[in-house]
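> Provide a 3D model corresponding to the input given below.
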Amino acid sequence: MVGLVIGKGTETIKGIAHKSNTKIYVPQKNQANNNQGSNLTRSVEVLGSETEQHIAKELIMELIEGYHNNTLNRQSSEPQM
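Residues are numbered from 1 along each chain as shown. Predicted coordinates:
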């Protein structure tokens, strides 16, 4: 999921930061979660005003929800065996 949020060449996270007028930091995999693995949730640090942080959070959540909705739609449209 982190790759989805960061995007290819950090394009997605840079776009979210630009749209929300924030600075967004995602820790490197080996720094996150005390090295417990890549499948765990990673913290994202968002710097900006409270309103800007809220906008960034909403954009990130929309991205994740859109991914989940697309995944569920594809699974429900696949033929059942």
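
> For the protein, which segments are assigned as strands?
Taking DSSP state E as the criterion, the chain contains strands spanning 23-25, 45-47.

> For Lys23, the count of nearby residues, please.
Counted with other C-beta atoms under 10 Å, residues neighbouring Lys23 total 12. Where C-beta positions appear, they are placed from N, C-alpha and C, glycine not excepted.

> and the strands of the chain as JSON lines, adding mean pLDDT and distance to Ile6?
Output for the strands of the chain, formatted as JSON lines (pLDDT from 0 to 100; distance: least, C-beta to C-beta, whole Å):
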{"stretch": "strand 23-25", "mean pLDDT": "97", "distance to Ile6": "9"}
{"stretch": "strand 45-47", "mean pLDDT": "97", "distance to Ile6": "13"}
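
> Deepest in the core, which of those strands is it.
strand 23-25 (a mean of 15; mean count of other C-beta atoms under 10 Å).

> can you pull the pLDDT of Pro79?
For Pro79, the pLDDT comes out at 65.

> Can you say which of the strands of the chain is nearest to Gly66?
Among those, strand 23-25 comes nearest to Gly66, with 18.1 Å by C-beta to C-beta.

> Show me how far the closest one is from its chain's centre.
12 Å (C-alpha atoms, centre = their mean, to the nearest Å).

> Same question for stretch 50-59.
With C-alpha atoms, centre = their mean as the basis, stretch 50-59 stands 13 Å off its chain's centre.

> name the helices or strands packed onto the top helix by length along the chain?
Longest helix in the chain by number of residues (criterion: DSSP state H): helix 50-77. Applying 3 or more C-beta pairs under 8 Å, 6 or more residues apart in numbering; DSSP states H and E, one finds that helix 50-77 makes contact with helix 2-6, helix 11-20, strand 45-47.
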